[in-house]
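[1] predicted model and sequence follow; I will ask about them next.
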Amino acid sequence: MVYALDRQYADKLFKKRDKEKIGHLISDICDDLISEYGIEELKPLHDKYSDFEYDALKQDADELAGEFLKSMVQDLYGVDLGDDLDVSSPEKFHAFLRDLQEKETENQRHSVNSQTKRKKTKKQLEKENRLQQEEQNISQSIREVYRKLTSALHPDRESDPAERERKTGIMQQVNAAYAKKDLLRLLELQLQAEQIDQSHLNNITEDRLKSFNKILKGQLAELQLEIQQLQSPFIHQMNLSPDSVITPKVVLLRLRYDIREIKANITTLKNELKIFQTPAILKAWLKNYQIPKQAEYDDLNDIFLEGFKPPF
């Protein structure tokens with residue numbers, strides 16, 4: 001499309017105002033294609049019709065965004081970053097931010113260590129002892145399940161080659177689950193090994209049951225977080241609310257909708273491309289086209305280039 005407009009630009013049919021509109025369309029479309037899709041070969045065409053070179057515009061935008069981020073960080077951390085900080089590129093500024101955050105984390109760690117060295121109250125000591133006891137119970141519960149599995153499934157005690165190979169495979173799963181402290185998987189393997197029956201369930205002590213429940217609740221929370229992380233890109237891409245429930249049916253419905261929309265856009269672009277290749281029709285179309293006024297940014301976040309966003 002931009003190449004078609006470029007070819008039409010020199011046509012004598014177009015007057016000064018028409019050429020201004022064509023030039024704006026070319027530079028504006030090129031800007032989107034370069035910044036959004038990385039089509040670097042369009043830079044010369046953009047610069048041909050723009051008052052400013054693309055690279056210079058990008059550098060200015062990076063520097064302006066960097067100064068804005070610098071101000072945010074100074075307010076956030078209460079520090080003076082001075083005038084020597086290089087904010088000319090997102091990479092350099094982000095590297096500086098990472099160093100600053102690591103120092104802040106280290107300072108907080110020192111502060112916590114200093115506080116823990118103070119004499120603890122009786123309640124604090126009791127709470128620590130209770131938590132330590134709970135951790136010991138949890139570790140003991142996992143070890144107990146692991147010992148029972150290894151005792152029953154140890155491949156070296158099996159004379160039959162096929163059975164030894166089967167138990168070797170299961171033991172690999174047992175060791176992997178134990179390394180991750182994955183009680184749910186260990187219980188599944190124990191059930192698979194037929195080590196769990198009603199008699200076994202009846203003999204589980206209340207303390208051991210509490211330990212199992214605490215571990216499984218923790219694993220449940222981890223799984224729910226993992227589900228949210230997997231759903232997040234779909235929610236963002238489909239512009240849904242954060243609490244939306246994502247199912248395969250919802251995704252496929254949205255996919256079909258997007259396909260229809262893309263096909264409609266392709267049809268529109270093909271029609272516009274025909275218009276832009278015919279001088280007389282393009283001139284008539286340009287009569288109703290108005291060059292947008294320069295955007296006024298109420299929020300400086302609007303000027304961030306893709307990939308140049310605060311890392312916090």
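    Ah, there it is.
[2] show me where pLDDT drops low in the stretch 201-312 of the chain?
    Within the stretch 201-312 of the chain, the stretches with pLDDT under 70 are 201-205, 207-208, 294-312.
[3] mind redoing it with 50?
    296-312 (pLDDT under 50).
[4] specify the local secondary structure of the most centrally placed residue in the chain.
    When Cα atoms, centre = their mean is applied to the chain, the residue found nearest the centroid is Pro233 (7.2 Å). Assigned by DSSP: H, G, I helix; E, B strand; the rest coil, the conformation of Pro233 is helix.
[5] what ranges does the stretch 51-200 of the chain have for its helices?
    54-77, 90-116, 122-153, 161-179, 183-192, 198-202 (DSSP state H, counting those that start in this stretch).
[6] can you list the weak-confidence ranges in the stretch 51-200 of the chain?
    Short version for the stretch 51-200 of the chain, where the test is pLDDT under 50: none.
[7] swap the cut-off to 90 and go again
    51-52, 56-200 (pLDDT under 90).
[8] Leu186 reaches Asn175, doesn't it?
    No. Assessed by Cβ atoms under 8 Å, Leu186 is found out of contact with Asn175, at 10.4 Å. Using the backbone N, CA and C atoms, a C-beta is placed for each residue, glycine as well.
[9] between these two, which has more neighbouring residues?
    With neighbours defined as other Cβ atoms under 10 Å, Leu186 and Asn175 compare such that Leu186 has more, 23 against 13.
[10] ranges for the helices of the stretch 201-312 of the chain?
    Counting by DSSP H, counting those that start in this stretch, the helices of the stretch 201-312 of the chain are 206-237, 248-276, 279-287.
[11] buried deepest among those helices, which one?
    Highest mean neighbour count of the helices of the stretch 201-312 of the chain: helix 279-287, a mean of 15 (counted as mean count of other Cβ atoms under 10 Å).
[12] please name every helix or strand in contact with it.
    Counting contacts by 3 or more Cβ pairs under 8 Å, 6 or more residues apart in numbering; DSSP states H and E, helix 279-287 packs against helix 16-37, helix 248-276.
[13] kindly provide the distance from His110 to Leu100.
    16 Å (Cβ to Cβ, to the nearest Å).
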